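In: Here is my input; please provide its structure:
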Amino acid sequence: LSLHDALPIFGNASNVAIVLGDKQFAEVSHAFNPLTVNVTDSFGNLVRGSAVTFSVAATSASGIFDGNTTSITLPTNVDGTVSTSGYSLTANTIAGAWTLSVVVQGITSPTLITLTNTPAVANQLTLINGGDQTATVATPYGKNIVFLAQDQYGNAVPGSSITLTAPVPTSASLTFNGLSAITGLTGADGRYTVSAPTASNIAGTFNVSVTGAHNLTFTMTNTAGTVSQFVLQTPTTRSAKVATAYSQPFAVFVADKFGNPRAGISVGFFAPSGDTSSGSFTAGSSFYSATTDTAGIATSSVFTANIIAGPFSVLVNTSSISTVLTFTCENEPGAAAHIAVNAGNSQSVRPSATMSSLSVIITDQYTNPIPGASVTFTAPTTGPRLTFAGTNSVSRNTDSDGIAETNAPVAGTIAGSFNITAAIGALRTQFS
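Out: The predicted structure is shown next:
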């Protein structure tokens, strides 16, 4: 034997070096590129025929070789290298980093190859926080809004674009730092967080649209603010005949400073009490309490005039604001029921002398004076008589006290007693 033939070509395996495949990324359920290592002895000589075992870690994120196996053993070739190129390594469905160990017989410690399964394209989008919130108009909501983007296997997907769009500001809505729409990308944890938005000035419930890996909507609600507006509903001036119901109940509108109706606000309606013109609500009371409805309207019960004619006010207040409102009302007298001599009766003058004026008072059935009623005064046309500016008859309207008064009549030229009739409709009275 020659000296060359007596020497070994290489010693025992001592070192493993990763040639290709370390720190790879592959999408879940997709294959990694082949892994290649070489084996050398303690002097750096490549070792052929050495058994090399590639073993998949038993972790959540992991992989599998062809044949659904987690481990394969292959020999190094003549140049001391070995490759998994004939045995495809596929990422499982769980995203994350994991290690594959390379074990060579005779080497105590395994060599570790780091691999990472990356998530697939996002096809799921979930609102995980901040939906269905309520805030007072023009104030921030209490929570951030958080979304989670995931692939078909439930892996969080970073870098997924999400756009939130609120309704137009002419209706109940919100803003994201003053904007009605906002777009962003999910972070490394697959989450996209939007800082708590601000409610618009309009109360109501509405939907915010979300576009991204999956389109969705969520509901938000703006509630009205503190009471700031307290307004009479028309008509603010009204009238009714005595002892009859007013045509409409009293009503007020309660809202915040933006005009949003406030529901559930207690309102009191107060009519005068005592022996004066007024009226009554349900059960004969001069007071009525009502609560505003969803439209912010508080409405009294039917209001009925009492039997005393004249103007009065119905006051309205609420503990939610210091303002006191006033409805201007008037009980009008009923139909003429009585006519009576007021002045000018039993006069006696010489022929052709001027007499004192004649007057009557007209009242309804409750003795309320009736203004604006036309009364006709009629004197005889022959014999003892008088004239009103040359005529035997004159009509006059009653004043605010229900009194109708003639001009000063002139006595006729014939002496004697006679009667003057004052009439309104079928009602009659006489002057002697």
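In: Now do the strands for the stretch 251-400 of the chain: every range, in order, please.
Out: 251-255, 266-270, 279-280, 287-291, 297-299, 304-305, 310-318, 321-332, 338-343, 359-363, 374-378, 386-387, 393-397 (DSSP state E, counting those that start in this stretch).
In: if you compare those, which one is most tucked away?
Out: Highest mean neighbour count of the strands of the stretch 251-400 of the chain: strand 359-363, a mean of 24 (counted as mean count of other CB atoms under 10 Å). To be clear about C-beta, it is placed using only N, CA and C from the backbone, and glycine gets the same treatment.
In: Strand 338-343 and that one, what's the angle between them?
Out: 150 degrees (axes from the mean of the first three to the mean of the last three CA atoms, to 10 degrees).
In: Is it correct that Ser42 is in contact with Ala13?
Out: No - proximity of Ser42 to Ala13 does not meet the contact threshold set by CB atoms under 8 Å, at 9.2 Å.
In: Out of those two, name the residue with the larger neighbour count.
Out: Neighbours per residue, other CB atoms under 10 Å: of Ser42 and Ala13, the larger number sits with Ala13, 22 against 11.
In: Test of understanding: give the bridge partners of the more buried one.
Out: Beta-bridge pairing for Ala13 (DSSP bridges): Asp41.
In: Can you read off the pLDDT for it?
Out: If you check Ala13, the pLDDT there is 92.
In: Same check on Ala58?
Out: What the model reports for Ala58 is a pLDDT of 92.
In: what about it, distance to Gly154?
Out: 20 Å (CB to CB, to the nearest Å).
In: Check what contacts stretch 395-410 and list those residues.
Out: 333, 342-344, 352-363, 368-377, 379, 386-389, 394, 422 (CB atoms under 8 Å, 6 or more residues apart in numbering).
In: Go again with 7 Å.
Out: 342, 352, 354-363, 369-377, 386-389, 394 (CB atoms under 7 Å, 6 or more residues apart in numbering).
In: Give me the buried positions along it.
Out: Buried residues in stretch 395-410, defined by neighbour count with 16 or more other CB atoms under 10 Å: Arg396, Thr398, Gly402, Ile403, Ala404, Glu405, Thr406, Pro409, Val410.
In: For the fifth one, grab phi and psi.
Out: When quoted as degrees, to the nearest 10, the phi and psi of Ala404 stand at phi -110, psi 130.
In: Could you measure from the residue lying closest to it once chain neighbours are set aside over to Asn397?
Out: Nearest residue to Ala404, sequence neighbours excluded (CB to CB, 6 or more residues apart in numbering): Val375, at 3.8 Å. Between Val375 and Asn397 the computed distance is 8 Å (CB to CB).
In: sorry, back to before: so what's the residue nearest to Ala404 up against?
Out: Val360, Ile362, Ser395, Arg396, Thr398, Ala404, Ala422, Ile424.
In: If we use 10 Å, what do you get?
Out: Neighbouring residues of Val375 by CB atoms under 10 Å, 6 or more residues apart in numbering: 336, 339, 358-362, 394-398, 402-406, 422-425, 427, 429.
In: Tell me what it is bridged to.
Out: On the basis of DSSP bridges, Val375 is bridged to Arg396.
In: Tell me how far it lies from Ala283.
Out: 40 Å.
In: again with Gly130
Out: The value you get for Gly130 to Ala283, if CB to CB is used, is 50 Å.
In: hmm, back to that, closest one of the buried residues of stretch 395-410 to Ser322?
Out: Gly402 (41.0 Å; CB to CB).
In: if I look at that closest one, how far off is Thr276?
Out: Distance from Gly402 to Thr276, by CB to CB: 18 Å.
In: Surely Pro333 touches Thr244?
Out: No - with contact defined as CB atoms under 10 Å, Pro333 does not reach Thr244; the gap is 11.4 Å.
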